[in-house]
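got a predicted structure plus its sequence, pasted below:
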Amino acid sequence: MFTLRDYQTETIDKVYQSMRQGHKRIIVQQPPRTGKTVIMAEIARRTTGKNNRVMFVIHRKEVLAQAKATFKQQNVDMGLATMGMVQSLSRRLDNLSPPDLILIDEAHHALAKSYVRILQAYPDAYVLFFTATPVRTGHDQLDQVADDIIVGKSIKWLTDHHFLAPYKYYGLGDIDRTKLRKRNGDYTVESMDQALDRKIYGNIVRQYQRLANGKQAVVYCHSVESAKRVMAEFEKAGISSAEVDGNTPAKTRDDLVAKFRRQELMILVNVNLFTEGVDLPNVDCVIMARPTQSLALYLQFSMRCLNPREGKTAIIIDHVDNFLTFGLPINDRDWEQAIVTKDKRTSKSTGDVGPAITQCQECFGTFYRSDMKDRCCPYCGHEMKAENKDYKVVNVDLQEIKNAELVKHRKDMAQKIIQDNLMSNIAGKSPGQLRTLQEFQAYAKLHGFKPGWAWYQYKNRRKH
Ligand SMILES: [Zn+2]
């Protein structure tokens, strides 16, 4: 049996307290990597111990075997437990014994039809919705199916108490965000292909060598093709790496993961495979080469490397500006508000903006402005000059994505970043070194010249 950590016991106590208060369908929020499955197993043990039936519903087949093993280890009476994937369970509801308690894993998906079918089949059962991110990108939120929420410890608290490793976050912005298009709440693969310039793949290796050399890393890519390309670049640099995706045979995948565990492999490149549940304890660095609009995926990617170890500082390298959408992993998020379906919200949280994030021009370290030490970068000590750009981060978990204000805000933000890049590029140049009209315009703006100056200079140059 597992010995539960104090914060896990605290969560379990709160669950029973909520039930005693009359709630039947309760969201249990716990950050990634904090032992959600252990909490579920303990609740299942207590339930089956009283001769009540438990049903455990999971979203992905990769983690079912692992969850079963955890339940067995926790002495759950497996004769009273039904464990399975949502699709298969929802198709054989007629043949299953009705559960007294349903445990739903990755419950941010729980408004999907197959889940609703299960919930409707057992209206009298208690239901616990477990998720790190109780929020959906659309209009409807989890209050449609749940009547209470229990919020776990914050990521900051877990880090301060050594349950998660501290990290350094580097934002590199190699992506052209204007090319990204959305479908079903996340970016399309085709638009990600367009937005990621080919040069990013070599850059991934260079930045790894600069920021995390010698650390075992997991790379998140958006497609099999891009993942293979990243792997090839690592191999070219003499760094051992392997690629796994949904098409990799299970045996090959398990062998590669085992090799990675034994530290015989430095880099594991994957396409959406290492998200919830799959354990890889040696990861000290995460490289994001896949932009996402899903907060659940963002936290699963970025927090993958936060398993603590004495003296460890994890490295998160974000090539695709995910921090502009979600802030840093440690960002405080208002889950109680996030579960409320949009038009029922009482507080005016739409339009909320997170704390200012700033970036060191020396090391690309990305951090909250408040974490600067004597106006120096907390990572490398570089003195931050006044013109360093601040990013206003959007808390998407609090925002209506379709909201026109937000779309405009995003466009302004993208524009400002492009402008800022241009500004810093031309800052040290003389007019003779300028090439494009945009550069002349930025130069004029920087030096307070009239816009006509840029036109005149640009045209004049082209004559020569
Ligand atoms: Zn720095």
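That came in fine, so what should we check first? Since we're looking at a predicted model, the values are computed, not measured.

where in the chain is pLDDT low?
Residue ranges of the chain with pLDDT under 70: 275-278, 345-354, 386-389, 392-421, 423-424, 427-428, 446-448, 451, 462-464.

name the residues of it found near the ion, please.
Within the chain, the residues that sit near the ion (C-beta under 5 Å from the ion) are 360, 362-363, 365, 377, 379-380, 382. To be clear about C-beta, it is placed using only N, CA and C from the backbone, and glycine gets the same treatment.

drop anything exposed from those.
360, 363, 365, 377, 379 (16 or more other C-beta atoms under 10 Å).

what segments of the stretch 201-350 of the chain are strands?
Under the criterion DSSP state E, counting those that start in this stretch, the stretch 201-350 of the chain contains strands at 217-220, 241-244, 267-270, 285-288, 314-318.

figure out how far stretch 257-270 is from the centre of its chain.
Remark: stretch 257-270 is offset 21 Å from the chain centroid, using C-alpha atoms, centre = their mean, to the nearest Å.

before we move on, back to that, export the residues of the chain next to the ion as CSV, with columns for secondary structure and distance to Gly246.
Converted to CSV, these look like this (DSSP: H, G, I helix; E, B strand; the rest coil; distance: C-beta to C-beta, whole Å):
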residue, secondary structure, distance to Gly246
Cys360, coil, 37
Glu362, coil, 39
Cys363, coil, 35
Gly365, strand, 34
Cys377, coil, 39
Tyr379, coil, 35
Cys380, coil, 38
His382, coil, 41
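
between those, which is nearest Gln300?
For the residues of the chain next to the ion, the closest approach to Gln300 (C-beta to C-beta) belongs to Gly365, at 22.7 Å.

got a list of what the closest residue to the closest one other than its chain neighbours touches?
Excluding the flanking residues, the one nearest Gly365 by C-beta to C-beta, 6 or more residues apart in numbering is Tyr379, at 3.7 Å. For Tyr379, the contact set (C-beta atoms under 8 Å, 6 or more residues apart in numbering) comprises 168, 360, 363, 365, 367.

quick check: the residue of the stretch 201-350 of the chain nearest the ion.
Leu211 (10.6 Å; C-beta to the ion).

measure that residue to Val283 for me?
Relative to Val283, Leu211 is positioned 15 Å away (C-beta to C-beta, to the nearest Å).

and for Val54?
Distance of Val54 to Val283, computed by C-beta to C-beta: 31 Å.

with neighbour numbers in mind, choose between the two.
More crowded of Val54 and Val283, by other C-beta atoms under 10 Å: Val54, with 27 against 20.

which residues touch that one?
Applying C-beta under 8 Å, 6+ apart to Val54 gives the contacts 44, 47-48, 76, 80-82, 99-103.

can you rerun that using 7 Å?
Contacts here follow C-beta atoms under 7 Å, 6 or more residues apart in numbering; on that basis Val54 touches 44, 47-48, 80-81, 99, 101, 103.

just the terminal-to-terminal distance for stretch 285-305.
Start and end residues of stretch 285-305 are separated by 6 Å (C-alpha to C-alpha, to the nearest Å).

same question, stretch 150-167
Start and end residues of stretch 150-167 are separated by 26 Å (C-alpha to C-alpha).

same question, stretch 432-443
OK, stretch 432-443 end separation, C-alpha to C-alpha: 11 Å.

what residues sit buried inside that stretch?
Of all the residues in stretch 432-443, those buried under the rule 16+ other C-beta under 10 Å are 434, 439-443.

same question for stretch 368-388.
Within stretch 368-388, the residues scored as buried using 16+ other C-beta under 10 Å are 368, 377, 379, 384, 388.

chain neighbours aside, what residue packs nearest to the first one?
Spelled out, it's Tyr368. The nearest residue in space to Tyr368 (C-beta to C-beta, 6+ apart) is Pro355, at 5.3 Å.

ok, the second one next?
Across the structure, with C-beta to C-beta, 6+ apart as the measure, the residue nearest Cys377 apart from its sequence neighbours is Cys360 (3.8 Å).
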